[in-house]
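Participant: below: sequence and its predicted model.
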Amino acid sequence: MTEPRLRHLLGIEDLSRSMAEQILKTAQAFHEIGKRPVRKVPTLRGKTIINVFYEASTRTRTSFELAGKRLSADVVNIGGSSSSASKGESLRDTVSTLDAMHASVIVLRHSVSGAAHYVARHTDAAVVNAGDGMHQHPTQALLDVFTIRQHKGENLSGLTVAICGDILHSRVARSNVQLLRLLGARVRLCGPRTLLPHRAEALGAELYDRLEPALEGADVIMMLRIQRERLGASLFPSLREYARYFGLNTRRLALARPDVIVMHPGPINRGIELAEDVADGPHSVILSQVEAGVAVRMAVLYYCATEPGTELMEG
Amino acid sequence: MRVLLDADGVERGLRRMAGELAERTRGTERLILVGIRRGGVPLAGRLAHWLEELEGRKVPVGTVDITFYRDDAATRLPNPRIGPSEIPLSIDGRHVVLVDDVLFTGRTVRAALDALLDYGRPSKVELAVLVDRGGRELPIQADYVVRSIEVSPLDRVDVIEKDARLIAVVQSQSTPTTPPPTP
């Protein structure tokens, strides 16, 4: 078996199936470490990880920060408003500055699609995309798949996953479709026509413009947040109407398989895409997603910050 | 390939080790065996079997994975074999015996000690190995050894499975069995 390599993680297309499975397997070991009295390993001692978040984020930033700290790396956080970006420094100059500080890994969240790819071209550090505009959010997809495997077993082939909401503007959906297809799951994409991609066949997914048929027999339901900050007024008439036709409630949940799990990348708009009693109900695995986030990001940072070595004699 | 311990030799040795362990610790009440992944895991199981045979009491067995504690963790093994550590109960105040197949540089044991101590504070930690092959690079010694033998640093000592039983072998790396390719 040859060692899988991971120079950057900019999108799911950077992952082969074996690399994705290796990350998920490693995350399993880190997940176990998260349950110990000492939730820390010395693996990345002396390495520097810089989290650069140009866009608001609670769980992703906290999760990356904890992941780095639990690996014993030195973690520095830079936010949009507190950084030189607010003084007009270009992304390119910010990256050159960070590079001169010898970061091992730069974790980037940016509102512009392709920002992580741009940064990767101008740094020696490994770049992990923590969400770029409407493009990719690969660690979210990895933690979603990690959570699915916890509940449904390691083999995803034969599973039907319904992703519902604003598919068009969602980096979470894009990364998830690619990863789920890579690992052999069936993917249904569901939302109002105006929020669906035009060529989902290219992604290997099926399109639904009504919620009920998309939920029928599903093993996993992923509800997406209606991103009010990315939507124009013209894409659907009102939030109330959206909630009425595309909100997940107990009645609609009954269409899926009895052992269905309900996921949401957060933050939830309660009462819009997800009814209160479903979000807190027995099928919801939203909090295990959050828990999985730290373990999965530890695994990604581990592969990005270490070099593949040669076989050593053990002893 | 030269056999250091055949299957019967391994079993006899582990049985003797179990006796020595039970005698020195005066019973097995506070004992927990922790196999170092991966080579120490089957041996810890066999040792527990012989302890139960002798003392009539099941001894808890755990495993510890040292991947994230290696002193060269920044370069990964080419064939990743990360697995979860499983410590079945709190090790606080217990007598832990770390079990490994081959003791060589001592670096694996150093890493295993660090990993173990992140699970709690044992009253005592000892080390049991099947083969001590010499060549230490750290001040670490085994408390229980089945076979001690000085082996050239260029050779590999492995505990492998043969006909579903464990044997210990030396594999020579200094004299290649296949001739080098002609330029």
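Facilitator: Received the coordinates, thanks.

Participant: please, where are all the helices along chain B?
Facilitator: Ranges of helices in chain B, per DSSP state H, are B:7-25, B:40-55, B:107-117.

Participant: what's the neighbour count on the residue nearest to residue A:182 when sequence neighbours are not counted?
Facilitator: Distances taken as C-beta to C-beta, 6 or more residues apart in numbering or on different chains place residue A:17 nearest to residue A:182, at 5.5 Å, with adjacent residues excluded. No exception for glycine: its C-beta is placed from N, CA and C like everyone else's. Residue A:17 has 12 neighbours, counted by other C-beta atoms under 10 Å in any protein chain shown.

Participant: now residue A:17: phi and psi?
Facilitator: Dihedral angles phi and psi of residue A:17 (degrees, to the nearest 10) take the values phi -60, psi -40.

Participant: gap between it and residue A:211?
Facilitator: Going from residue A:17 to residue A:211 by C-beta to C-beta, to the nearest Å gives 31 Å.

Participant: how many neighbours does the residue of chain B found nearest chain A have?
Facilitator: Sorted by distance to chain A under C-beta to the nearest C-beta, the residues of chain B start with residue B:104, at 2.2 Å. By other C-beta under 10 Å, 23 other residues sit near residue B:104.

Participant: ditto for residue A:41
Facilitator: The burial count for residue A:41: 23, using other C-beta under 10 Å.

Participant: and it, what does it touch?
Facilitator: Residue A:41 makes contacts with A:33, A:70, A:71, A:72, B:68, B:69, B:115, B:118, as judged by C-beta atoms under 8 Å, 6 or more residues apart in numbering or on different chains.

Participant: which of the residues you listed lies closest to residue B:142?
Facilitator: Nearest to residue B:142 out of those is residue B:115 (C-beta to C-beta; 17.8 Å).

Participant: didn't that closest one look like it was pressed against residue B:65?
Facilitator: Yes - using C-beta atoms under 8 Å, residue B:115 is in contact with residue B:65, at 7.2 Å.

Participant: buried deepest among the helices of chain B, which one?
Facilitator: Each of those was scored by mean neighbour count; the highest is helix B:107-117, a mean of 21, by mean count of other C-beta atoms under 10 Å in any protein chain shown.

Participant: what does that helix contact?
Facilitator: For helix B:107-117, the surrounding residues in contact (C-beta under 8 Å, 6+ apart) are A:41-42, A:314-315, B:34, B:36, B:64-66, B:68-71, B:85, B:91, B:96, B:98, B:100, B:103, B:122, B:125, B:127, B:137-138, B:140.

Participant: all strands for the chain, in order.
Facilitator: In the absence of a named chain, chain A is used. A:48-53, A:74-79, A:105-110, A:126-132, A:160-164, A:186-190, A:206-208, A:220-223, A:261-263, A:307-308 (DSSP state E).

Participant: please go with chain B instead
Facilitator: With DSSP E as the criterion, chain B has strands at B:2-5, B:31-36, B:61-64, B:75-76, B:95-103, B:124-132, B:144-148, B:156-162, B:165-171.

Participant: to residue A:261, which of these lies closest?
Facilitator: Relative to residue A:261, the nearest member of those by C-beta to C-beta is strand B:61-64, separated by 29.7 Å.

Participant: the closest one - what's its average pLDDT?
Facilitator: Averaging pLDDT along strand B:61-64 gives 94.

Participant: same thing with stretch A:271-285?
Facilitator: When pLDDT is averaged along stretch A:271-285, the result is 95.

Participant: centre of the chain to that stretch, how far?
Facilitator: Stretch A:271-285 has its C-alpha centroid displaced from the chain centroid by 20 Å (C-alpha atoms, centre = their mean, to the nearest Å).

Participant: looking at chain B, which helix or strand is least sure?
Facilitator: strand B:75-76 (a mean of 70; mean pLDDT, DSSP states H and E).

Participant: with distance to residue A:115 added, can I get the strands of chain B in CSV?
Facilitator: Formatted as CSV, these follow (distance: least, C-beta to C-beta, whole Å):
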stretch, distance to residue A:115
strand B:2-5, 58
strand B:31-36, 44
strand B:61-64, 41
strand B:75-76, 28
strand B:95-103, 47
strand B:124-132, 49
strand B:144-148, 58
strand B:156-162, 48
strand B:165-171, 51
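
Participant: quick one: closest of those to residue A:56.
Facilitator: Closest of those to residue A:56 is strand B:75-76, at 34.4 Å (criterion: C-beta to C-beta).

Participant: which residues of the stretch 101-250 of chain A fall in helices?
Facilitator: For the stretch 101-250 of chain A, helices defined by DSSP state H, counting those that start in this stretch occupy the ranges A:115-120, A:138-152, A:171-182, A:211-215, A:239-246, A:250-253.

Participant: flag the shaky bits of the stretch 201-315 of chain A, pLDDT-wise.
Facilitator: The model of the stretch 201-315 of chain A has pLDDT under 70 over residues A:229-233, A:309-315.

Participant: filter the contacts of helix B:107-117 down to the buried ones and hand me the PyMOL line.
Facilitator: In PyMOL, this line selects whichever of those come out buried by 16 or more other C-beta atoms under 10 Å in any protein chain shown:
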select buried, (chain A and resi 41+42+314+315) or (chain B and resi 34+36+64+65+66+68+69+70+85+91+96+98+100+103+122+125+127)
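
Participant: that older thread, which one of the contacts of residue A:41 sits closest to residue A:96?
Facilitator: The nearest member of the contacts of residue A:41 to residue A:96, counting by C-beta to C-beta, is residue A:71 at 25.7 Å.

Participant: longest helix of chain A?
Facilitator: Max-length helix for chain A by DSSP H is helix A:286-305.

Participant: the residue in the stretch 101-250 of chain A positioned nearest to chain B: neighbouring residues, count only.
Facilitator: Using C-beta to the nearest C-beta, the single residue of the stretch 101-250 of chain A nearest to chain B is residue A:104, 9.3 Å away. For residue A:104, the count of nearby residues is 21 (other C-beta under 10 Å).

Participant: so it touches residue A:73, yeah?
Facilitator: Yes - if you go by C-beta under 8 Å, residue A:104 and residue A:73 touch, sitting 7.3 Å apart.

Participant: who touches both of the two?
Facilitator: Common neighbours of residue A:104 and residue A:73 (C-beta under 8 Å, 6+ apart) are A:44, A:47, A:48, A:49, A:305.

Participant: of the residues you listed, which ones also sit close to chain B?
Facilitator: Applying C-beta under 8 Å from any C-beta of the partner chain, the subset of those adjacent to chain B comprises A:44, A:47, A:305.

Participant: tell me the contacts of the second one?
Facilitator: By C-beta under 8 Å, 6+ apart, residue A:47 lies in contact with A:71, A:73, A:74, A:104, A:105, A:305, B:74.

Participant: which of those are buried?
Facilitator: Buried among the contacts of residue A:47 (16+ other C-beta under 10 Å): A:71, A:73, A:104, A:105, A:305, B:74.

Participant: report the beta-bridge partners for the residue lying closest to residue B:7 once chain neighbours are set aside.
Facilitator: With sequence-adjacent residues excluded and distances taken as C-beta to C-beta, 6+ apart, residue B:7 is closest to residue B:165, at 3.8 Å. Beta bridges link residue B:165 to residue B:162 when assigned by DSSP bridges.
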